[in-house]
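**Q** please work out how this folds:
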Amino acid sequence: MYNQMENPPEKLIWVKQDPDGVAYVIINRPQSLNSLTRPMIVDLACAIKTLSSDDSVRIIILSGIGRAFCSGVDLTSAEDVFKGDFKDMETDPVYQIERCAKPIIGAINGFAVTAGFEIALACDFLVASKQAKFIDTHARFGIFPSWGLSQKLSRIIGPNRAREVSMTAMPVTAEQAERWGLVNHVVEESEVLKKAREIAESMIKNNQDLVLRYKAVINDGFRMDLGHALALEKERAHQYYDGMTTDQFKKMQEFIASRSSKKPSSKL
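**A** Residues are numbered from 1 along each chain as shown. This is a model prediction of the structure:
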């Protein structure tokens, strides 16, 4: 699926940005199904943090090369990963993905296992190939989840399904994931990046300030009960409109009028 990239990446965490402001972050360790070593985890966190603060970046697409999106942490270096400065949030990729101001599309080309599953859950949208599988092996290998899988999955697919997925380590196919609301789109393997790019282009056409604000209010409100979330939306709406100038309101009206004039007239 990556033959469309002119220069195959050599780094284990590879970043490419196109002129439209779409940045690609690629996990590139296919011989190990993109399992993450400690340096890769740090590099992934740093890449997301850097792109989040880059004004030229509008959308981020996160994917992996080969048969896997990410098969989790490289267990040959498990102790090095799970202890020590791994607790530093600045080098935690899931923390950086969740706090990233820019929309992040997960392009899931293959296996998303355990930590890879958690990274996928941190993204704002998921596009999966028909061959993709989501697997939580924490219970199988005696690893305690720390990137949110035990809490996020149940909120997306329901607690009963989440308990079965996590406590049995059963694989979730792309088709199941789409039915359960975990995945937005399922496409052929060769179309994963293309579909992710289409979603990115749809967002780029919109008001970029509103896209970022919309992401923030949805994600922040999701962590609250409905009453507080509705109050949050109202508060941020008032802040937004209070900050708009008369000229901005005029431009909004002109834009709406220009769009309305382009619609074909309907005949009764």
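**Q** how about the helices in the chain?
**A** Counting by DSSP state H, the segments of the chain that form helices are 38-52, 78-82, 93-99, 115-122, 138-141, 149-157, 159-168, 174-179, 192-204, 208-222, 226-242, 246-261.
**Q** which of those sits closest to His185?
**A** helix 192-204 (5.5 Å; C-beta to C-beta). The C-beta positions use only the backbone N, C-alpha and C, and glycine is treated the same way.
**Q** any low-confidence regions in the stretch 101-250 of the chain?
**A** Across the stretch 101-250 of the chain, nothing is flagged by pLDDT under 70.
**Q** picking that back up, can you tell which of the helices of the chain is closest to Pro19?
**A** Closest among these, using C-beta to C-beta: helix 192-204, at 11.3 Å.
**Q** what residues does that closest one touch?
**A** Residues from elsewhere that reach helix 192-204, judged by C-beta atoms under 8 Å, 6 or more residues apart in numbering: 1-2, 4, 20-22, 24, 58-59, 61, 63, 103, 105, 107-109, 125, 127-129, 184-185, 187, 211.
**Q** quick one, strands of the stretch 1-150 of the chain?
**A** Secondary structure of the stretch 1-150 of the chain (DSSP state E, counting those that start in this stretch): strands at 13-17, 22-27, 59-64, 68-70, 104-108, 111-113, 125-129, 133-135.
**Q** domains of the protein?
**A** According to automatic domain parsing, the chain is divided into the following domains: 13-204, 224-261.
**Q** please work out which of the ones you listed is packed deepest.
**A** domain 13-204 (a mean of 19; mean count of other C-beta atoms under 10 Å).
**Q** next, the distance between the ends of that one.
**A** 25 Å (C-alpha to C-alpha, to the nearest Å).
**Q** now stretch 136-156
**A** Terminal-residue distance, stretch 136-156 (C-alpha to C-alpha): 15 Å.
**Q** who is the residue lying closest to Gly116 once chain neighbours are set aside paired with across the strands?
**A** In this structure, Gly116 finds its nearest non-sequential neighbour in Cys70, 3.0 Å apart by C-beta to C-beta, 6 or more residues apart in numbering. Listed beta-bridge partners, Cys70: Ala112 (assigned using DSSP bridges).
**Q** can you pull the contacts of Cys70?
**A** Contacts of Cys70 (C-beta under 8 Å, 6+ apart): 27, 33-36, 64, 111-113, 115-116, 119-120.
**Q** measure Met203 to Asp54 for me?
**A** 16 Å (C-beta to C-beta, to the nearest Å).
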